[in-house]
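Visitor: Please find the sequence and the predicted model below.
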Amino acid sequence: MTRLEIDWPDEGAERVRAAEGRLRVAGEHLARRRFDERLDAVARVLDDWTRPDSPWRRELAAALAETTPFAAATIVEGLDGALRAWRPADFVACAEREIGGARLGGRRALVPFEWTTVIAGGALPMPTLLSALLPLVVGSPVLLRETKKDPVTARLLARSLAERDEGLAAAFEPLAFPADDAMAQGAALAAPCVVATGADETLASISRRLRPSQRFVGYGHRFSIGVLGPALREAEFAPVASGIALDVARWDQSGCLSPVVVYLVGWDDDETARFAESVHEALEHVSRTLPRGDLEIERSVAIAQERSEARMRASAGSGMLFEGSQHTVVLEPDARPRPAPLGRFLRLMPVASENALVRALEPFSGHLSNVCVAGFGEVREDGPDDDPETDSPSVERSAVIPIPSAWSRMGVSRIASPGRLQTPPVDWPHDGLPLFLPLARFASADEPPPVEKDD
């Protein structure tokens, strides 16, 4: 039997160590480039992906349609909506703001990690793209372990780097190896800096394998919600419901920015029933152009079970159930925690007041991500200026307000209007963290004491 016919247990680890060797060499060259040169090069790559006529985006959409369960139209809309909101100018400004003041050789110096391992997670391509580019700006080469759910994004990014900048391309290597390949995983986790996205249990497992001297940046389980206040007029039900339906339909409700619950604060029973019907109709409408993709067996079973329980509650006069061919809307009688099967399954939950809302959210403290808000008279809006090229269907803009402190303590890091949950700006502080600072090391030098002169 030849070597190619043998499943060598150390083969994955050998590939990781070989990649590490190449990345260390490339990293020496990358670190010697000026910060502004690296930033400009990465920003040009980002521009290649975000401009409306991007061939990389078109190729990625076609590849994802072949390799993931998402419908082709849903992929195209999801990519276009998300990447249009990533303005390279905001990316550059954020890097300058966070680390631009540190220069190699100055009093406060940026000292890149010799290499960074990125453990990708989930099926959405945007986190993979961003987590791969950020360390390159800092000056650290990247080994990216591909996720099984998305085997194409990192490799296409590698090609786009090679077309734009050979130095950046040499400093980025995507690799695939099974999650149960302990030796390959151990070799990858030997990096001085490790970035991982995944379930809380996955992050805890990775953290236990790292040394105290290593930097670990983890993005765990999060989900998003909607909060609609008593000032929402019935004339606004349709546009708000359309925005929420778009947030639910994008990526089939599978990312941390997907809303799973909408809380209705201070509404009466008639209002909640009418709005639930509006959301149901909006989801029916959006599915005609953005159809839901194939569901995993486990998710289909979970949806069927939750529908059955909601149907029993509704038949007893407790809440309402709206069943679509590709979605589910459940109007609950209260705000008690219930499972979120996803796959375009949305719960609407009434709460009597803002204080009652905070109490309802307390069980999810630390797992909340973004909140879409309407019906309170004003809403924080962090998207681009009014521009038909970048605006998603949503309510009108209004004044910017701070995130409520109670929400911040529970982990909320962004507020948007309905229809914009899934299209955050590129400099949004994911999980409340800065973009670049967690990936960087710094060193400082004291000023020499003044020299005393003899009289």
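Guide: Received it, and whenever you're ready, just let me know what you need.
Visitor: ok, how many other residues are close to residue 405?
Guide: Residues contacting residue 405 under the criterion other Cβ atoms under 10 Å number 8. Just so you know, the C-beta spots here come from the backbone N, C-alpha and C atoms, and that holds for glycine as well.
Visitor: Just the pLDDT for it.
Guide: pLDDT recorded at residue 405 is 86.
Visitor: Number the residues from 38 up from this point.
Guide: Sure, I'll start counting at 38 from here, so that last one is residue 442.
Visitor: give the contact list for it.
Guide: Residues counted as contacts of residue 442 (Cβ atoms under 8 Å, 6 or more residues apart in numbering): none.
Visitor: how close does it sit to residue 395?
Guide: From residue 442 over to residue 395 the distance is 10 Å, taken as Cβ to Cβ, to the nearest Å.
Visitor: Same question for residue 91.
Guide: 42 Å.
Visitor: more neighbours, those two?
Guide: residue 91 (18 against 15).
Visitor: Go ahead and confirm the more buried one touches residue 123.
Guide: No - between residue 91 and residue 123 there is no contact under Cβ atoms under 8 Å: 11.1 Å.
Visitor: Do you have the helices of the stretch 88-237 of the chain handy? List them.
Guide: 92-104, 109-121, 125-136, 162-175, 190-201, 203-207, 219-225, 237-245 (DSSP state H, counting those that start in this stretch).
Visitor: mean confidence score for the first one?
Guide: This points to helix 92-104. Mean predicted lDDT for helix 92-104 stands at 97.
Visitor: likewise the fourth one?
Guide: For helix 162-175, mean pLDDT is 97.
Visitor: Let me know the angle separating it from helix 190-201.
Guide: Counting by axes from the mean of the first three to the mean of the last three Cα atoms, to 10 degrees, helix 162-175 points 40 degrees away from the direction of helix 190-201.
Visitor: and the residue nearest to residue 258 when sequence neighbours are not counted, how many neighbours?
Guide: In space, and not counting its chain neighbours, residue 258 is closest to residue 237: 5.0 Å by Cβ to Cβ, 6 or more residues apart in numbering. Using other Cβ under 10 Å, residue 237 is surrounded by 13 other residues.
Visitor: Over to residue 383?
Guide: 27.
Visitor: Kindly confirm my reading that it forms part of a strand.
Guide: Yes - with DSSP: H, G, I helix; E, B strand; the rest coil as the criterion, residue 383 is part of a strand.
Visitor: Look up the pLDDT of it for me, please.
Guide: 98.
Visitor: Any idea what it is bridged to?
Guide: Beta bridges link residue 383 to residue 366 when assigned by DSSP bridges.
Visitor: dump the residue contacts of it.
Guide: Residues near residue 383 by Cβ under 8 Å, 6+ apart: 281, 285, 290, 296-299, 316, 320, 364-367.
Visitor: Equivalent analysis for residue 308, please.
Guide: So residue 308 contacts 271, 301 (Cβ under 8 Å, 6+ apart).
Visitor: again with residue 190
Guide: 97, 101, 162, 165, 166.
Visitor: Could you tell me how many residues sit around the second one?
Guide: Spelled out, that is residue 101. If we define neighbours as other Cβ under 10 Å, then residue 101 has 25 of them.
Visitor: before we move on, back to that, looking at the contacts of residue 383, which is nearest residue 216?
Guide: residue 290 (23.8 Å; Cβ to Cβ).
Visitor: Need the per-residue pLDDT for residue 186.
Guide: 92.
Visitor: and the nearest residue to it once chain neighbours are set aside, what does it touch?
Guide: Spatial nearest neighbour of residue 186, chain neighbours left out: residue 160 (3.9 Å); criterion: Cβ to Cβ, 6+ apart. With contacts defined as Cβ under 8 Å, 6+ apart, residue 160 is in contact with 105, 107, 184, 186, 187, 288, 291.
Visitor: How about residue 358?
Guide: 344, 347, 348, 350, 351, 365, 366, 367, 368.
Visitor: what would the residues you listed look like in CSV with neighbour count and distance to residue 304?
Guide: Below are the contacts of residue 358 laid out as CSV (neighbours: other Cβ atoms under 10 Å; distance: Cβ to Cβ, whole Å):
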residue, neighbour count, distance to residue 304
344, 16, 24
347, 24, 19
348, 14, 23
350, 17, 19
351, 17, 18
365, 21, 20
366, 30, 15
367, 24, 16
368, 27, 11
